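> let's see this in three dimensions:
(one chain, ligands or ions: 1)
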Amino acid sequence: MFDTIIIGAGPAGFTAGIYAARREMKTMIIAKEPGGQVALASEIENYPGFKSIESYDLITKMQDQVKALGVEIKIDEVKKIEKQNDDSFVLYTAKEKYQSKTIIIAMGLSPRRLAIPGENEFNGKGVSYCANCDGPFYKDKTVAIVGGGNAALDAAEIMSKIAKKVYLIHRREEFKGFEVLLDKVKRKENIEFLLNIEIKEIIGKEKVEKIKIYNNKINKEKEITLDGVFVEVGRIAHTDLVAGFVERDKADQIIVKSNCDTKTPGIFAAGDVVVGDFKQITIAMGQATIAALAAYQYLQLKEK
Ligand SMILES: Cc1cc2nc3c(=O)[nH]c(=O)nc-3n(C[C@H](O)[C@H](O)[C@H](O)COP(=O)(O)OP(=O)(O)OC[C@H]3O[C@@H](n4cnc5c(N)ncnc54)[C@H](O)[C@@H]3O)c2cc1C
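Next up is the predicted model:
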């Protein structure tokens with residue numbers, strides 16, 4: 001029986017792990033992959049204490065700290081949760097089950113898909129959701145980045161250093177990303193902005209060869225020949241797993257109370273998976289701190 005099981009090993013999950021372990025709670029983290037979305041970033045330049053740190057370095061440091069405190073990290077996917085009569089919970093993965101008195105949900109967000117023909121077919125064969133991970137495969141090639149926020153601008157910037165040519169495809173005229181990042185991207189000579197353009201189809205035989213695009217201002221379609229498409233059109237929450245235990249908003253993000261508690265006593269949530277306008281590492285960590293301390297307090301009061 002664990003005192004707490006944390007679902008997720010992004011910044012929120014690791015932080016919750018540190019705080020829970022330092023309260024001497026028997027703690028385990030279960031995560032599909034360590035690092036969460038930080039693994040998709042290149043360098044992090046707004047994490048206090050480091051002017052700039054490679055995302056891989058930051059993840060490794062967090063993971064090492066959690067492990068040194070005795071927290072077990074299982075790389076697995078939680079598939080089902082059940083509440084027991086004694087108010088504890090059983091978490092099921094494909095092969096294992098674990099029992100815990102509390103749960104901290106730190107499941108973060110996943111890439112949103114374009115939902116166009118060819119996207120699924122060429123996933124991993126020219127379609128990617130992570131420039132930082134797959135970028136090096138496109139050295140001196142031609143790629144498109146699709147999206148209009150910070151993630152798209154970040155991906156365009158990364159790919160401008162690797163690929164020969166980068167198309168930045170955005171269905172609107174204005175970008176939602178930070179001005180400073182947009183300016184940096186605009187200064188890159190090998191990035192061509194394709195504005196008011198929607199991507200309609202990804203075409204190829206074995207791998208991506210071209211895309212069909214549509215100009216929504218002049219209602220015209222055309223094809224572009226390229227080698228890769230990086231999809232950066234936002235992130236979504238996959239929270240059906242916990243739907244019975246928490247309140248959610250329209251975007252399936254979890255609604256929490258002031259101590260990151262949910263409608264189910266003993267279940268807490270933190271990080272990007274929680275409703276909020278801003279999604280950043282420091283915010284996720286702050287919420288995870290609250291969630292872990294609240295889980296400890298919940299057990300203390302219960303076991304009095
Ligand atoms: C390209 C990019 C660049 C970014 N750059 C910055 C930046 O410079 N500065 C900044 O502050 N923020 C940045 N962010 C945002 C930052 O990465 C997130 O705010 C942060 O990672 C959120 O942390 P989290 O722990 O809540 O969730 P995540 O990092 O999303 O982690 C979620 C974890 O949950 C796991 N998980 C999900 N479902 C399950 C399940 N059913 N079973 C088991 N495990 C599960 C995942 O495997 C993962 O380990 C960036 C994001 C992206 C995509």
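
> and the closest residue to Cys130 other than its chain neighbours, what does it touch?
Spatial nearest neighbour of Cys130, chain neighbours left out: Leu40 (4.8 Å); criterion: CB to CB, 6 or more residues apart in numbering. Backbone N, C-alpha and C define where each C-beta goes, glycine included. Leu40 sits next to 55, 129-133, 151 when contact means CB atoms under 8 Å, 6 or more residues apart in numbering.

> what residues does the stretch 201-304 of the chain put near the ligand?
241, 271-273, 279-282, 284 (CB under 6 Å from any ligand atom).

> among the residues you listed, which one has the most neighbours?
Gly271 (33 neighbours; other CB atoms under 10 Å).

> where's the residue nearest to Cys130 relative to Leu226, distance?
Plainly put, Leu40 is 21 Å away from Leu226 if you go by CB to CB, to the nearest Å.

> likewise for Gly204?
When CB to CB is the yardstick, Gly204 and Leu226 sit 10 Å from each other.

> which neighbours do those two have in common?
Lys210.

> look at those two and report which has more neighbours.
A direct count of neighbours by other CB under 10 Å for Gly204 and Leu226 places Leu226 higher, at 22 against 17.

> and the longest helix for the protein?
With secondary structure taken from DSSP state H, the chain has its longest helix at helix 281-302.

> how far is that one from where the chain is centred?
21 Å (CA atoms, centre = their mean, to the nearest Å).

> repeat for stretch 195-213
For stretch 195-213, the distance to the chain centre is 25 Å (CA atoms, centre = their mean).

> Gly8 against Gln37, yeah?
No: Gly8 lies out of contact with Gln37 (CB atoms under 8 Å); the separation is 10.4 Å.

> Gly108 contacts Gly36, doesn't it?
Yes: taking contacts as CB under 8 Å, Gly108 lies within contact range of Gly36: 4.7 Å.

> and for those two, which residues touch both?
Counting by CB under 8 Å, 6+ apart, the residues touching both Gly108 and Gly36 are 8, 10, 12.

> of all those, which comes closest to Phe2?
Taking CB to CB as the measure, Phe2 lies nearest Gly8 of the shared contacts of Gly108 and Gly36, at 15.1 Å.

> for the nearest residue to the closest one once chain neighbours are set aside, give its distance to Val71.
In space, and not counting its chain neighbours, Gly8 is closest to Ala106: 3.5 Å by CB to CB, 6+ apart. Ala106 sits 13 Å away from Val71, going by CB to CB.

> for the two, indicate the residue with more neighbours.
Between Ala106 and Val71, Ala106 has the larger neighbour count (other CB under 10 Å), namely 32 against 24.

> need the contact list for the closest residue to Ile105 other than its chain neighbours.
Nearest residue to Ile105, sequence neighbours excluded (CB to CB, 6+ apart): Ala269, at 4.1 Å. Neighbouring residues of Ala269 by CB under 8 Å, 6+ apart: 104-106, 242, 246, 254, 256, 260, 262, 291.

> just the ones of those in strands?
104-105, 254 (DSSP state E).

> ranges for the helices of this structure?
For the chain, applying DSSP H gives helices covering 11-22, 55-68, 131-134, 150-160, 179-186, 281-302.

> so the residue nearest to Lys125 when sequence neighbours are not counted versus the ligand, what's the distance?
Nearest non-adjacent residue to Lys125, counting by CB to CB, 6+ apart: Lys207, 4.2 Å away. To the ligand, Lys207 is 23 Å away according to CB to the nearest ligand atom, to the nearest Å.

> and Lys207, its phi and psi?
Torsion angles at Lys207 (phi, psi; degrees, to the nearest 10) stand at phi -140, psi 180.

> how many neighbours does it have?
13.

> can you name the residues that contact it?
Counted by CB under 8 Å, 6+ apart, Lys207 has contacts 122, 125-126, 227.

> out of the residues you listed, who's the most crowded?
Gly126 (25 neighbours).

> surely Met28 and Gln99 touch.
No: checked against CB under 8 Å, the pair Met28 and Gln99 is beyond contact range at 10.5 Å.

> as TSV, the contacts of Ala269 with pLDDT and distance to Lys161 would be great.
Formatted as TSV, the contacts of Ala269 follow (pLDDT from 0 to 100; distance: CB to CB, whole Å):
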residue	pLDDT	distance to Lys161
Ile104	98	37
Ile105	98	36
Ala106	98	32
Val242	98	39
Val246	98	41
Ile254	98	37
Val256	98	39
Cys260	98	39
Thr262	98	43
Ala291	98	38
